[in-house]
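# pasting the sequence and the predicted model now:
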Amino acid sequence: MKADDIRRAGMIGSGTMGAGFGLSFALAGMEAVLYDLDPRQLELGLDRIDRGLSLMVQEGQVEGRESDRVRSRISTTTDLEEAVRGSQYLLEAVPEVLELKKDLFPKLEGYAAPRTILASNTSALSITQIASACRRPDLVCGMHWFNPPELVPLVEVIPGRKTSPKTARTVYDLALKLDHVPIMVKKEAPGFVGNRMQLALFREAMHILEEGIAGPEEIDKAVKHSVGLRWSLLGPVEIADLGGLDTWGYVAEYLFPFLADNHQAPKVLTDLVSRGKLGVKTGEGFYSYSQEAGQEAVRRRDLYFLRQRRLVEEIKGS
Ligand SMILES: NC(=O)c1ccc[n+]([C@@H]2O[C@H](COP(=O)([O-])OP(=O)(O)OC[C@H]3O[C@@H](n4cnc5c(N)ncnc54)[C@H](O)[C@@H]3O)[C@@H](O)[C@H]2O)c1
């Protein structure tokens, strides 16, 4: 199976991630079928897609008539067989529970045409284990996106121990066709690449908070107005090369002993969770949010990602 052979793709699980996948596939000209056990989730998914598309129209990234064509390529079903049959590609996004995914994959395989690729958006689980009950583990591969998937370009391609190089290549080429930026992860490792780095920074942010070095607002400002700004254009390795490796060597030698290296989730976080303070979705986390403020935070994030992506592409092209 080559990326260009994929004309219809099934999204297995249409929650936070699945709906955005459907939009990405439809924007790239493919048919997208959203499947979920829960019909309400399908409705919410379509609603999210409509809001995402109108933002793209508003920002001039998609024309009005094209937006109707994109929307017409997206359908929904609560019938697994209908989602799988006739799809050349399946992208699983059910909850992050190994047993659930391990049970689901052989079912997908049972309905799928022989060469259909079965991809999982797992954030951290082993692809080898997810594929362990499959007859054709060579066709199973990790394809890890970031939220919101239609706007964040990175896609990590993670071959399991039995994934064929051909399957991994097709997943990689498909990500390019979807106008995303793929990286091939060389070997399975929890958290792959992007989340390992994101969580390393989060651990240090929590450490700074617990040590009383700075509060949430100062921490967020420090990232948004310094390293975050750089990271949208340059990775940490490039930044070190530009800064001078001798300097980075001195700073690492001195600073590493002071940085967080805890192996448990930080107490400041688990305390909030145990009090039901889960962030935007419950109206309070490190900050407080009214319902409107929560929705506005999501809208601003999406708008910013859309504009920032255009800017980064312009700079790279110049
Ligand atoms: N949310 C994120 O930011 C994010 C980012 C990257 C990767 N992921 C990964 O993507 C996957 C999905 O995460 P999410 O945030 O979209 O979850 P979610 O809870 O928002 O959505 C999961 C959906 O799967 C449905 N579902 C549950 N069991 C099912 C089954 N057996 N068959 C079909 N549908 C079923 C649920 O009804 C729900 O709509 C997880 O593996 C997660 O780790 C999530």
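Sure thing, it's come through.

# who does the helix or strand harbouring Arg65 touch, helix- and strand-wise?
In this structure, Arg65 sits in helix 64-72 according to DSSP states H and E. When contacts are defined as 3 or more Cβ pairs under 8 Å, 6 or more residues apart in numbering; DSSP states H and E, helix 64-72 sits against helix 18-27, helix 39-58. In this view, the C-beta of every residue, glycine as well, is placed from N, C-alpha and C.

# run the chain-centre distance for that helix.
Centre-to-centre, helix 64-72 and its host chain are 24 Å apart (Cα atoms, centre = their mean, to the nearest Å).

# tell me the helix or strand right after that helix.
Using DSSP H and E, the helix or strand that follows helix 64-72 towards the C-terminus is strand 74-77.

# can you mark which positions in the following helix or strand past that following strand are buried?
Scanning forward in sequence from strand 74-77 by DSSP H and E, the next helix or strand is helix 80-84. The neighbour-count check on helix 80-84 (16 or more other Cβ atoms under 10 Å) flags 80, 82-84 as buried.

# can I get these in TSV with distance to the ligand and pLDDT?
Shown next, in TSV, are the buried residues of helix 80-84 (distance: Cβ to the nearest ligand atom, whole Å; pLDDT from 0 to 100):
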residue	distance to the ligand	pLDDT
Leu80	7	98
Glu82	13	97
Ala83	9	98
Val84	11	98
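
# so where's the protein uncertain?
Within the chain, the segments meeting pLDDT under 70 span 317-318.

# find the centremost residue of it, please.
Phe146 (1.8 Å; Cα atoms, centre = their mean).

# related to what we said a few turns ago, closest one to the ligand among the helices and strands packed on helix 64-72?
Proximity to the ligand, assessed across the helices and strands packed on helix 64-72 by Cβ to the nearest ligand atom, is greatest for helix 39-58 (3.6 Å).

# so who does whatever residue of the chain ends up closest to the ligand touch?
The nearest approach of the chain to the ligand comes at Gly15, 1.8 Å away (Cβ to the nearest ligand atom). If you count contacts by Cβ atoms under 8 Å, 6 or more residues apart in numbering, Gly15 has them with 36, 41, 45, 93, 95.

# surely the first one touches Leu42?
In other words, Asp36. Yes: if you go by Cβ atoms under 8 Å, Asp36 and Leu42 touch, sitting 5.2 Å apart.

# compare the two (neighbour count), which wins?
Set Asp36 next to Leu42 and count neighbours by other Cβ atoms under 10 Å: Asp36 wins out with 25 against 21.

# what is the burial count for Leu178?
Burial of Leu178 is recorded as 25 neighbouring residues (other Cβ under 10 Å).

# check Asp220 too.
Using other Cβ under 10 Å, Asp220 has 15 neighbouring residues.

# likewise for Tyr172?
19.

# now Arg310: closest residue in space that isn't a chain neighbour?
Gln61 (7.6 Å; Cβ to Cβ, 6 or more residues apart in numbering).

# helix/strand/coil for the one you found?
coil (DSSP: H, G, I helix; E, B strand; the rest coil).
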